[in-house]
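**Student:** Sequence first, then the predicted structure:
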Amino acid sequence: MGYHNKSSMKSVVSQFVAKYIFSLQINSNLTNNIKLTDNKFKMEEVFTPLQIELIEAINDSLQNHIYSNAVFLGERLLAEIDCEESRSILAECYMADLKAYKAFHILKDCKSEQNRYKFALVCLKLNKLKEAERALASSASSGNNKYLLEITKPENVPNGSHGLYLLGLISEKLQKQNEAKEFYKKALELNPTLWCAYEKLLKLGELRDPSEIFASNRFKLYENSRRKTASSVLPLTKGPHLSTAGSLSLKSAEFIIEEKPASNDKPLGNIFQPESSHSAVTEATLKNKTPSPTKSLNFPKNSNSVFHIPLEDASGANIFRATQGSSQGANFGNPHSKTYGQIAHQHSKSISSHSNTHNTKHSTSITQNNKKDQIDIEKPSSGEIKDLMSLLTRLAEPYLQLLSYNCQTAIELFNKLPQNHYRTGWVLSNIGRAYWESVKYTEAEKYFKEAFRIEPYRLEGLEYYSSCLWHLKKQVELCTLAEKALEKSLFAPEAWIVLGNCFSLQKEHENALKFFNRAIQLDPTFAYAHTLIGHEYVYNEDFQKARKCFEHALNIDLRHYNAWWGLGYIDYRQEKYDRAIKHFYNAITINSKNPVLHSYLGMTFAAQDELIEALRCFQNSEFLDDKNVMNRFQKANVLCKLERYEQALAELEILRTLMPREAPIPQLIGKIYKQLGMIDKAHNYFTLALDLENKDSLKIKAMLDSLHNVNEFNDDNDL
């Protein structure tokens, strides 16, 4: 990363230069001592005309983004005079030039607050977390009992709220979640404009009311602190050493000199985001275990069928791999055999039309220009926002609901935003994610597509968009998206996740693993990437590696319910039902609105013959999504075992209407009629199943032959 914002790149340098020139103007003697007073230290240094000119030239290079030149001049300045100020300026140049390792050595022995803050930024970027923590906490009590209380006092943290935010990032990376929450809270108390701290709180499960965080009284206190700082500065007049380039140059006369700092929130430069260290994952771990595509399946290869992919061979994660999985698939057959199948994805027009019945009607396009490229989306209501706290509150309310997985409420609140904010990539991609979390992929795709049309440079959210296309089986669109993402950046993990999803859809699982691992190399804290790798290992039936991936994802994000699902699914496959139930419950506690989670919990109860509890879970899933065909089939099986044959037949007739080409449905209907003693009807449905299914023809013929024998209802085809 680096400094790509003109004002933020030069904040530290401009303060120094302004102080130096102002002192020169007052004293009119270049050999006089310049006294720089900080609330933590006092220093006296002598600056010659050469040094002043170097500082001006460095500032000019930074303003114009010529970082290599700024570095060269900064090194000359340090050779001229080695002091905290010159080290700070050179460190700023190194940071802008993406040479954080150099800045680390320049700043490691510095004592000033501003250099401690910069040193913490550099350490965070280099993943030297303990050094970063010590830099920000050096004045705090070292006692274990008082450490947290002392460190959270703003006066002990360089740069006030921003330093507290950095401590939150450090604590989170050190897996000290409770301390991280406290730091983020205190940062927001001092500075309610720190939206990133609020995002972090939500992701850590601290679901705070936005009106409490973004309160007007807090903002007034923050503004008053800033005004006190502004009231203690003097205007700068032109001096003999002025730059002619840049709006923030010495010629501007807009610099301020802080005589008596009143707040720890004075700007000290850009906050560096942590640089991801490289993962130790290597391609040596990606052994070829991809099953043969000709392996025995439960269902026919008919192109119109959505039952054609077995869990182990082609879509082991079809229901779960894209975090929550598809609710539009069904599982038939023996859950413990290698031919345990499922409905893969709902992509036929007839099914899609059913899944869209919950979606709202769309009235207007997103903009008036380029109508042929637009997608009609739901028009939100307008409302004027007059101040910053109101804006942040309006944005935080739907975001809170989204991370609470109250997706429909989140969508409604996003739709109430004013048009100018609604028509942005951040809002539209979050609406797409809300639909995606609700397993409404067709609707989600529309909003993702519009978000990236409006902001084609946007990469955040592509991981969800690509998974949405994966579920919809849109190979061409997914390949195009991967190509565009890689054109924008080879160093964004989202781009490699898109490419990995593209290869996963083509069933090239080894290549998919390589690209997902590349995403982790770029960002080892990307929990979703770890989960996707786990799903690919499940495809290959390498459950041990898959489990490690899901556990790693949970170490990063304990609220990553998709990883809890993955652990539950592995235990379900290994017949460790008690553990599976525990994991599924953990996932449901986080996201109770996901129908697939309830379905799998019901399947686990059914495997333990806890049929009443299983039926309750299937009913919960049906309430959330009545078009979930997997859930309906599992429910019919449980009703059969409870000998509620009429109810089971009603469910299966609905399934036949939705999916007339799937052989397991008439098979189960035939078995019910056989149990009821209606041999003719049983014979008709077994014959229909035989016409639809070629792979299991021997089993179906055996069922036909057994019609005149008295057998138990429960056999190998029941779940």
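**Tutor:** Thanks, I have it. Numbering: from 1, shown residues only.

**Student:** Now for the chain, the helix or strand with the poorest mean pLDDT.
**Tutor:** Least confident helix or strand of the chain, by mean pLDDT, DSSP states H and E, is strand 309-310 with a mean of 29.

**Student:** Which helix or strand lies directly C-terminal to the helix or strand residue 122 falls within?
**Tutor:** Per DSSP states H and E: residue 122 is located in helix 113-125. Heading C-terminal from helix 113-125, the first helix or strand you meet, by DSSP H and E, is helix 129-137.

**Student:** Next, the angle from that following helix to helix 113-125.
**Tutor:** With axes from the mean of the first three to the mean of the last three CA atoms, to 10 degrees as the basis, helix 129-137 and helix 113-125 are set at 160 degrees to each other.

**Student:** For helix 129-137, which helices and strands make contact with it?
**Tutor:** Applying 3 or more CB pairs under 8 Å, 6 or more residues apart in numbering; DSSP states H and E, we find helix 129-137 packed against helix 113-125, helix 147-151, helix 160-173. (C-beta placed from N, C-alpha, C; glycine too.)

**Student:** Distance to residue 465 for those - can I get that in a markdown table?
**Tutor:** Converted to a markdown table, those look like this (distance: least, CB to CB, whole Å):
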| stretch | distance to residue 465 |
| --- | --- |
| helix 113-125 | 28 |
| helix 147-151 | 40 |
| helix 160-173 | 26 |
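
**Student:** Pick the most deeply packed of these.
**Tutor:** helix 113-125 (a mean of 26; mean count of other CB atoms under 10 Å).

**Student:** Quick check: which helices or strands does that one pack against?
**Tutor:** Using 3+ CB pairs under 8 Å, 6+ apart, helix 113-125 sits against helix 84-96, helix 100-107, helix 129-137, helix 160-173.

**Student:** Return the set of buried residues in the first one.
**Tutor:** What that stands for is helix 84-96. 84-96 (16 or more other CB atoms under 10 Å).

**Student:** So, low pLDDT: which residues of this structure?
**Tutor:** 1-46, 138-152, 229-383, 694, 708-719 (pLDDT under 70).

**Student:** Mind splitting it into its structural domains?
**Tutor:** When the chain is parsed with automatic domain parsing, its domains come out as 6-239+247-258, 383-457.

**Student:** wait, which of those domains is closest to residue 524?
**Tutor:** Set against residue 524 and scored by CB to CB, the domains of the chain come closest in domain 6-239+247-258, at 8.8 Å.

**Student:** show me what contacts the residue lying closest to residue 414 once chain neighbours are set aside?
**Tutor:** In this structure, residue 414 finds its nearest non-sequential neighbour in residue 398, 4.4 Å apart by CB to CB, 6 or more residues apart in numbering. Neighbouring residues of residue 398 by CB atoms under 8 Å, 6 or more residues apart in numbering: 409, 410, 411, 412, 413, 414, 417, 430.

**Student:** Among those, give me the pair with the biggest separation.
**Tutor:** Among the contacts of residue 398, 409 and 417 lie farthest apart (CB to CB), at 14.0 Å.

**Student:** Tell me which of the two has more neighbours.
**Tutor:** For residue 409 versus residue 417, the count of surrounding residues by other CB atoms under 10 Å is larger for residue 417: 22 against 17.
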